[in-house]
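1. What would the 3D arrangement of this be:
(2 chains)
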Amino acid sequence: MDLFQIDFGGQASKKVLGIDLGTTNSLVAFMDLTGPVVIPDPAGRNMVPSIVSLSDDGHSYIVGDEARARLITRPDHSVYSVKRLMGRGAADIAGEIKLFPFKIAEGSESVLRLRMGDRTLTPPEVSAQVLRRLKANAESYLGEPVSQAVITVPAYFNDAQRQATKDAGRIAGLEVLRLVNEPTAASLAYGLDKRNEGVIAVYDLGGGTFDISILRLHEGIFEVLATNGDTHLGGDDIDNRLLAIAIEDASSEWGRDISTIGEAVQTFRQAVIAAKEALSFAPEASIEVSYGGKTYQRSITRNHFESLIKDIVDRTLAPCRQALRDSGLGPDQIDEVVLVGGSTRIPLVRLAVRNLFKAEPHTDLNPDEVVALGAAVQAAILSGEVQDQLLLDVTPLSLGIETMGGVVTKLIHRNSTIPASASEVFTTSVDGQKHVLIHVLQGERELVKDCRSLARFDLKDIDPLPAGMTRIEVRFLIDANGILAVSARDVRTGKEQSVEVKPSYGLTDEQVDAMVKESFDKAEEDFRARQVREAQVEADTILSAVEKAKANDAWLLLADEERATVDLAVNQLLAVYHSDNHRLILDHIARLDEATVRLAETMMNTAVQDALKGTKI
Amino acid sequence: MSHSKEEHHCWNCGEHSASERAARSLFCQFCNTLQAPSPDYYRFFSLPKTLAIDDEALQQTFYQMSRLLHPDRYGRRHERERNYSLEATAILNDGYRVLKDPVRRAEYVLRENGFQVGEQRSNEVPPELLEEVFELNMMLDELKAGDDDVIPQLDEARDRFLAMLDSIDTELDEEFRSHDAADDDGARMASLTAIRGILHRRRYIRNLIDEVDRQLTSRNA
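-> Numbers count the residues shown, from 1 in each chain, chains lettered A, B, ... in the order given. The predicted structure follows:
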């Protein structure tokens, strides 16, 4: 075992990455000697767009900026904003899937399956491709392999969404040491150089999610008092407002419905995003699209834009008020407000925040990078590099169990500091009962149908005794990642009781294991395919060179057996050309190379002689 | 509660100690590794079993123990120590939530002493409130029937109940002190019985206020 292996030191300490796995963009950071730093990709870009596209040959994935163009050219092979789909089932997204051009495959009730070309991927597998890219960027930047990371999630993510994020890490070959809530991570990045005491509110409006967290900072302890949010509210919704108008406009102008054409919708989406971003700095902007030989142009004023999105911005205020109530504080008791997420660049958003908290929001750090920087700080806390800071986070949603009449009995209330636990004793109700099924839910409502089903826990192999004789104490433990674990024990015997978990949404451990294995196999397969392809390219080069040489006079100067050796080598190479063994191909390339040494020499000599002949001395 | 003779036996270094102090410590006094935590909140926070608690000191202890026990501090330690850290921090957080709130704290002590509390949502009206509750229910019926004229009266009733809640809290405080001062088990149990009665009344009034709030909100909506 790895008993105290690190404490003894010796080998270089392993770096832990801080990763912001965003709806729109993802970033990776680490703790440098000077503080947290974002790691750029080899081209120097800090942000990797969270876009994944399957290559045309179906062998590899294209991630980030390079995949963006493929949203337009190969929409059926490409996926974006997959974070919105993490930990959800087909029924959950029935309403919003219309706005996504994704194709949902069969069997998506508890886990979505997206069609990408001829492959079917779950959201964690798609996210794993983004993570794998970030990992590779970090490894080439740091010059050493990394295998551990802290990944951020929206504070308001439920258990299934958190588990899905953790699964994505595992599939990407990363040990996820901790999931950290995004607003809390942001506060770590701010707190690091400010050393402030007091109460801060972090308002985080990203591409697809909204979070609000209220924290108390005290001597290096970041204590979350309350958190709230909406996991389906963000910049995407703002884009969709503009998109709907532009598409309708263009459809009537061009006389055909373009809302069902994937390429067109993506082209328009990118154009409205550009206009939206421009409106944060200018009072007027223009939406410009050229598609299918036609052009579309319309200008939009900031006033009009603001009237379009006002209700979206207002939707962030109710969670803010709830968080304030839960923290037992009034708006005037908030000392500072921190803005996180690209959407907080919108002036109307800033105005709303200023009005609510009666404070000028902080924007010193780049709102796109602050979460990744905070994740790097948390990574350094876990690796022991940073010792004077500690994050005390909370669970965003109440945890309860189903009781008689479809009612939820709450066991752990929202905003409880995590790790948190609760115990409940269950008894059998029928003579000889061997199973007890416990339905666990998350949410604030009273009825089962209004809460989010988390899992069913089956207490198995109960000693068959008269009804009520068996008493089983079940312990619900939410860990520091906000993920639930359940254990059970027979009160009478003290014996550990076996529990089978049936998650309502998401993958089972076995499924994730299979994906981890498959991703290694696939990586292996992809790698082998590439090696074969490279060998074939090399073979093409030498074969065409030999073909050309045979037209040269030198070919005729060779002895018969020399020509036969070359022909034999060519035929042998052609025979193995289509094998899947790159070594075999390379071997025969080497043999042909050797067989043509005489030919090459002869060619060289005749060339020299020709040159001499042609030169007038 | 009586404790049987306890011993410290470290899972990591194997050292024994018969001293009570060592047995109660969260860390081994020999090798300083984290030990299996006690689920008793008072014992965990090293507090005497009193019902009156210094909030400020409790918060300081909570922060201090968080620094020592939090799983973030055990990321690269032995798996068993990591599990103890998770367990200990869960108890720390659960315990802090209970101990910092006078009502939950009192309920916890009552339960520890064999009293049944909280679970049953008793509809039994405390006798001294009978008349008030009767009137209140009449007003709520009138409100439901669409008579908005009762709203000012309801507001007055609500204020009265809030004032009652305040005086109950004072009463609770006093009873806490007499519990803490009790010099024998009989006096202590008598005090706890009184506290249970006060908590019952408090819960009843709290529910009434919530009901009035619900009705008034739905009226306004």
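
2. all contacts plus neighbour counts: C-alpha atoms, from now on.
-> Will do.

3. what's the helix or strand of chain B with the lowest mean pLDDT packed up against?
-> Sorted by mean pLDDT, DSSP states H and E, the helices and strands of chain B end with helix B:20-24, the least confident at a mean of 71. Secondary-structure packing of helix B:20-24 (3 or more CA pairs under 8 Å, 6 or more residues apart in numbering or on different chains; DSSP states H and E): strand B:8-9.

4. Show me what the strand it packs on is packed against.
-> Applying 3+ CA pairs under 8 Å, 6+ apart, we find strand B:8-9 packed against strand B:16-17, helix B:20-24.

5. Name the residues of the last one that are buried.
-> Neighbour-count burial for helix B:20-24, with 16 or more other CA atoms under 10 Å in any protein chain shown as criterion, is recorded at B:22, B:23, B:24.

6. quick one: contacts of that helix?
-> With contacts defined as CA atoms under 8 Å, 6 or more residues apart in numbering or on different chains, helix B:20-24 is touched by B:6, B:7, B:8, B:9, B:17, B:28, B:29, B:43.

7. And it, how far out from the chain middle?
-> 26 Å (CA atoms, centre = their mean, to the nearest Å).

8. which one is residue A:421 nearest to, not counting chain neighbours?
-> residue A:477 (4.3 Å; CA to CA, 6 or more residues apart in numbering or on different chains).

9. ok, the host helix or strand of the one you found: who's next to it in the sheet?
-> Taking DSSP states H and E as the definition, one finds residue A:477 inside strand A:471-478. Applying DSSP bridges, strand A:471-478 is found paired with strand A:420-427 (antiparallel), strand A:484-490 (antiparallel).

10. Please produce TSV containing those, extended by mean neighbour count and distance to residue B:214.
-> Converted to TSV, the strands paired with strand A:471-478 look like this (neighbours: other CA atoms under 10 Å in any protein chain shown; distance: least, CA to CA, whole Å):
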stretch	mean neighbour count	distance to residue B:214
strand A:420-427	18	29
strand A:484-490	18	33
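
11. Could I get those in a markdown table, plus columns for mean pLDDT?
-> Listed next are the strands paired with strand A:471-478 as a markdown table, based on pLDDT from 0 to 100:
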| stretch | mean pLDDT |
| --- | --- |
| strand A:420-427 | 90 |
| strand A:484-490 | 88 |
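
12. May I see those arranged in CSV, with distance to residue A:549 as well?
-> Below are the strands paired with strand A:471-478 laid out as CSV (distance: least, CA to CA, whole Å):
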stretch, distance to residue A:549
strand A:420-427, 78
strand A:484-490, 71
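
13. List just the one of the ones you listed that sits closest to residue A:155.
-> For those, proximity to residue A:155 was assessed by CA to CA; strand A:484-490 is nearest, at 15.2 Å.

14. which other residues reach the closest one?
-> Identification of contacts with strand A:484-490 by CA under 8 Å, 6+ apart yields A:159, A:459, A:470-479, A:495-499.

15. Which residue is it, in chain B, that comes closest to chain A?
-> Closest approach of chain B to chain A (CA to the nearest CA) occurs at residue B:90, with a separation of 4.6 Å.

16. so that residue makes contact with residue A:423?
-> No. Between residue B:90 and residue A:423 there is no contact under CA atoms under 8 Å: 11.9 Å.

17. could I have the helix or strand that contains residue B:98 exported to PDB, CA atoms only?
-> Taking DSSP H and E as the definition, residue B:98 sits inside helix B:79-99. Provided in PDB are the C-alpha atoms of helix B:79-99 (Å, rounded to 0.1, in the frame of the first residue of the first chain):
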ATOM      1  CA  GLU B  79      -6.600   5.700   3.600                       C
ATOM      2  CA  ARG B  80      -7.800   4.800   7.100                       C
ATOM      3  CA  GLU B  81      -6.700   8.200   8.400                       C
ATOM      4  CA  ARG B  82      -8.500   9.800   5.500                       C
ATOM      5  CA  ASN B  83     -11.700   8.000   6.400                       C
ATOM      6  CA  TYR B  84     -11.400   9.000  10.000                       C
ATOM      7  CA  SER B  85     -11.000  12.600   8.800                       C
ATOM      8  CA  LEU B  86     -14.200  12.400   6.800                       C
ATOM      9  CA  GLU B  87     -16.000  10.800   9.700                       C
ATOM     10  CA  ALA B  88     -14.700  13.300  12.200                       C
ATOM     11  CA  THR B  89     -15.500  16.300  10.000                       C
ATOM     12  CA  ALA B  90     -19.000  15.100   9.400                       C
ATOM     13  CA  ILE B  91     -19.500  14.800  13.200                       C
ATOM     14  CA  LEU B  92     -17.900  18.200  13.700                       C
ATOM     15  CA  ASN B  93     -20.200  19.800  11.200                       C
ATOM     16  CA  ASP B  94     -23.300  18.000  12.300                       C
ATOM     17  CA  GLY B  95     -22.500  18.700  16.000                       C
ATOM     18  CA  TYR B  96     -21.800  22.400  15.300                       C
ATOM     19  CA  ARG B  97     -25.200  22.700  13.500                       C
ATOM     20  CA  VAL B  98     -27.000  21.200  16.500                       C
ATOM     21  CA  LEU B  99     -25.000  22.900  19.300                       C
END
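
18. Lovely, talk soon.
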